[in-house]
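Participant: please find the sequence and the predicted model below.
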Amino acid sequence: MKRPGVFSLTLWAGSALSGAALAAGSPGPTPGPNSPPIPAPQDRPYPGVIRLSVDASDIERRIVRVREIVPIVGDEMTLLYPQWIPGGHAPEGPIDRLAGLSVRTDGRPVPWTRDPVNVFAFHIDAPRGAANLEVDFQYLSPVRDAVGPIEVTSKMMDLQFIETVLYPAGYYARQIPVQADVTLPDGWGYAVALDGASGPGAHVSFKTTSLETLVDSPLFAGRNFARVDLDPGGPAPVHLNVVADKPDQLEVKPEVLAAHRALVQQAYKLYGSRHYDHYDFLLSLSDDLDQTGTEHHRSSENGTDPDYFTDYDKTPAGRDLLAHEFTHSWNGKFRRPLDLWTPNLNVPMRDSLLWVYEGQTQYWGYVLTARSGLWSRQQALEEIAIIAATYDTKPGRRWRPLQDTTSDEIINPRRPMSWRGWQRFEDYYAEGALIWLDADTMIRELSGDRKSLDDFARAFFGVRDGSYVVDTYTFDDVVAALNAVQPYDWAKFLRSRLDTAGGPAPLDGVKRGGYRLVYTDKPSDMFQAEEAQAKTADFTFSIGMALGKDGVLKSVEWDGAAFKAGLTAGVKVLAVNGEPYDPDALKDAIKAAKGSSAPIELIVKTADRFKVVRIDYHEGLRYPRLERDAGQPARLDDILSARK
């Protein structure tokens, strides 16, 4: 150890030498030359029409073949593969699945160079006098889950134009015209929001549209296909387009169809407008195709279980999906946060207002699902109870404010997490919904129940009926619109809930709505439905863990009883109190431990080791419910009631 005096002198001398070296220039490497410049997007028309041909008929190998004819502008061109994906809020463009890239002019090869910094950009020196670039490549759709979400099966596909296009840098996406055509498997039905579909057999051509509209218009196709009118005679056609693994899964009972039609009408009553000339719900019923949920302006991608219609009474879990994605046509696609809108698909997005974009959409998804009859009021209350309990007990709220979670799509684009409850992930959805329930009931209370968040929705999202030109907004715009409905310090109301860590969960909306969160020893029907859909046995609110059907832990709650016993996700439970594991055996053990001092004893396997784990927990089974509070008006009941 150096003596203090010597250390101080050395430090001073080092500082002086560093200053001199900096003044004179220091030895060592210096940066190399910059990469070729990539033209920034400008709001100017692209001089020409890109012709895009997509052959998606190779469903056995899931290879999508692409050919583009791109008019040449200047001697040097940069083609971009989409990086920032609308609806994904993240730089998750699957550039790794682009292969076989070939560029030609008049049949002659033209070299291309990938940018060494921005790997989504390809630089091309165009030969003088050539009119077009002839671009060919393959999009290699995942053939197994380990590669990515399954987009193509032997019976259906979710074709994303955003994954099958290269486009010229230097232009706003809305200023680049594209004429697209698609080849599908013979005999397949299809649906897409693009206009002007035509063509012989499996070959379909579309009217010229902007790149912005093209990439916002996925195509669902399938061997078993049905199309249902959800708004006969309405101001704009709205259809439910369904692809399924089996023909009988397409059958919709009249009362179920009526609820889906009511969803459209309840949305119109809420917003008082529409922002499309036609709208297509794209719905896949399959265990094989990725069960996605993604918004678009004139359509939405929705994937759910094969028995969605055929076993409808037993499948309420996730039934809010259609309402959520439909709401996005107003909130997210038409009205969009200013910092989330970008001029093309390779300019970085900023996600700071996702608690409005996704959080309020989550709220209206719950509300419209109940108002339309897709859920009963009781089912909606049970779902809200689960959400309330989740954030009432979420440990990550102690250190991480909700606002910070709006960066989650960029930090972690939905990869598995070891401690999700502690790390937090995408909480701007459901915790955001609780904040908007809080705001709704606050408006009602302050106004003597004369105003509500419905008035905000109509004033903020319902403007410019019939237009689908994007209208951006800021935090101040949201606050001003709330104040126009009901004066209050809405900026403080929102920021205190968004920026504070360690405070209580935002459950005031539940209380002001006339209910209180309680826990019972029996699960609600909705809780059981969500367990069945996820194929889990969920003991999150008791011992703090959830197990898959094979006894493998899917999650362990930070600081819960299972966590304190040393358990982690991935551990397999083999036995409970000396008996072979099954969910009922674990339930019985939790019941037996209530009020006693004996721990719950598990035999578990982790990697190649076996061990005995003792969980010190004695509070019994706990499942969330909402209990009516007669001391408050039943505002939540009114929020969930259909509008006449």
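Facilitator: Thanks, I have it. Numbering: from 1, shown residues only.
Participant: all contacts plus neighbour counts: C-alpha atoms, from now on.
Facilitator: Fine.
Participant: just say helix, strand or coil for L263.
Facilitator: helix (DSSP: H, G, I helix; E, B strand; the rest coil).
Participant: okay, and the beta partners of N331?
Facilitator: For N331, the beta-bridge partners are R335 (DSSP bridges).
Participant: can you give me the strands for the stretch 201-350 of the chain?
Facilitator: Here the stretch 201-350 of the chain has its strands, by DSSP state E, counting those that start in this stretch, at 203-205, 209-210, 219-222, 224-229, 238-244, 279-285, 293-295, 299-304, 335-337.
Participant: so what's the gap between the last one and the chain middle?
Facilitator: Using Cα atoms, centre = their mean, to the nearest Å, the distance from the centre of strand 335-337 to the centre of the chain it belongs to is 16 Å.
Participant: pull out the buried residues from that strand.
Facilitator: Residues R335, R336, P337 are the ones in strand 335-337 that count as buried (16 or more other Cα atoms under 10 Å).
Participant: same question, the third one
Facilitator: Along strand 219-222, these residues count as buried under the neighbour rule (16+ other Cα under 10 Å): L219, F220, A221, G222.
Participant: now swap in the first one and tell me
Facilitator: Across strand 203-205, burial judged by 16+ other Cα under 10 Å covers H203, V204, S205.
Participant: isn't the second one right next to S198, touching?
Facilitator: Yes. Between V204 and S198 there is a contact under Cα atoms under 8 Å: 5.2 Å.
Participant: still on that earlier bit, output the buried residues of strand 335-337 as TSV; include the columns distance to D465 and pLDDT.
Facilitator: Shown next, in TSV, are these (distance: Cα to Cα, whole Å; pLDDT from 0 to 100):
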residue	distance to D465	pLDDT
R335	12	98
R336	16	98
P337	19	98
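Participant: distance to L345 added to the residues you listed, as TSV?
Facilitator: As requested, those are exported to TSV (distance: Cα to Cα, whole Å):
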residue	distance to L345
R335	18
R336	15
P337	16
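Participant: low-confidence ranges in this structure?
Facilitator: 1-24 (pLDDT under 70).
Participant: just give me the neighbour total for the nearest residue to Y46 once chain neighbours are set aside.
Facilitator: Spatially, and ignoring its direct neighbours in sequence, Y46 is nearest to I176 (5.2 Å; Cα to Cα, 6 or more residues apart in numbering). By other Cα atoms under 10 Å, the residues close to I176 number 22.
Participant: next one: phi and psi at I176?
Facilitator: With angles defined as degrees, to the nearest 10, I176 sits at phi -110, psi 110.
Participant: so who does it touch?
Facilitator: Contacts for I176 (Cα atoms under 8 Å, 6 or more residues apart in numbering) come out as P45, Y46, V49, I50, S210, L211, E212.
Participant: please indicate which of these has the highest neighbour count?
Facilitator: Within the contacts of I176, neighbour counts (other Cα under 10 Å) peak at I50, which reaches 26 neighbours.
Participant: I figured it hits V73, correct?
Facilitator: No. Using Cα under 8 Å, I50 makes no contact with V73, being 11.9 Å away.
Participant: what about the helices in the stretch 401-550 of the chain?
Facilitator: Using DSSP state H, counting those that start in this stretch, the helices of the stretch 401-550 of the chain run over residues 408-411, 420-423, 430-446, 453-461, 475-485, 490-498, 508-512, 525-534.
Participant: ah, wrong one, I meant the stretch 251-400 of the chain
Facilitator: In the stretch 251-400 of the chain, the helices defined using DSSP H, counting those that start in this stretch lie at 254-271, 321-327, 354-357, 359-372, 377-393.
Participant: export those helices to JSON lines and tack on distance to K594 and mean neighbour count?
Facilitator: Below are those laid out as JSON lines (distance: least, Cα to Cα, whole Å; neighbours: other Cα atoms under 10 Å):
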{"stretch": "helix 254-271", "distance to K594": "43", "mean neighbour count": "18"}
{"stretch": "helix 321-327", "distance to K594": "38", "mean neighbour count": "26"}
{"stretch": "helix 354-357", "distance to K594": "39", "mean neighbour count": "25"}
{"stretch": "helix 359-372", "distance to K594": "35", "mean neighbour count": "26"}
{"stretch": "helix 377-393", "distance to K594": "20", "mean neighbour count": "20"}
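Participant: quick one: closest of these to A126.
Facilitator: Closest of those to A126 is helix 354-357, at 41.3 Å (criterion: Cα to Cα).
Participant: out of the buried residues of strand 335-337, which is nearest to N118?
Facilitator: Distance to N118 across the buried residues of strand 335-337 (Cα to Cα) is lowest for P337, with 25.5 Å.
Participant: per-domain residue ranges of the chain.
Facilitator: Annotated domains of the chain cover 37-186, 344-517+630-639, 525-623 [automatic domain parsing].
Participant: show the contacting residues for Y515.
Facilitator: Neighbours of Y515 in contact, by Cα under 8 Å, 6+ apart: L626, E627, R628, D629, Q632, A634, L636.
Participant: how much space separates it from G551?
Facilitator: 35 Å (Cα to Cα, to the nearest Å).
Participant: E255: which of the domains of the chain is closest?
Facilitator: Among the domains of the chain, domain 344-517+630-639 comes nearest to E255, with 9.6 Å by Cα to Cα.
Participant: give me the distance between the two termini of that closest one.
Facilitator: Here the two ends of domain 344-517+630-639 are set 38 Å apart, with distance taken as Cα to Cα.
Participant: buried ones in stretch 596-605?
Facilitator: P599, I600, E601, L602, I603, V604, K605.
Participant: and stretch 483-492, by the same measure?
Facilitator: Judged by neighbour count using 16+ other Cα under 10 Å, the buried positions of stretch 483-492 are N483, V485, Q486, W490.
Participant: which members of these are the farthest-apart pair?
Facilitator: It's V485 and W490 that sit farthest apart of these, by Cα to Cα, at 11.0 Å.
Participant: want to throw the buried residues of stretch 483-492 into CSV with distance to R497?
Facilitator: Formatted as CSV, the buried residues of stretch 483-492 follow (distance: Cα to Cα, whole Å):
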residue, distance to R497
N483, 17
V485, 20
Q486, 19
W490, 11
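Participant: looking at those residues, which one is closest to S141?
Facilitator: S141 has its nearest neighbour among the buried residues of stretch 483-492 in W490, at 46.1 Å by Cα to Cα.
Participant: from what I can see the closest one touches L482, true?
Facilitator: Yes. Between W490 and L482 a contact is recorded at 7.0 Å, counting by Cα under 8 Å.
Participant: overlap of the contact sets of the two?
Facilitator: The contact sets of W490 and L482 do not overlap (Cα under 8 Å, 6+ apart).
Participant: list the residues that contact the nearest residue to L446 once chain neighbours are set aside.
Facilitator: The spatially closest residue to L446, leaving aside those adjacent along the chain, is Q486, at 7.5 Å (Cα to Cα, 6+ apart). If a contact means Cα under 8 Å, 6+ apart, then Q486 has I443, L446, S447, K451 as its contacts.
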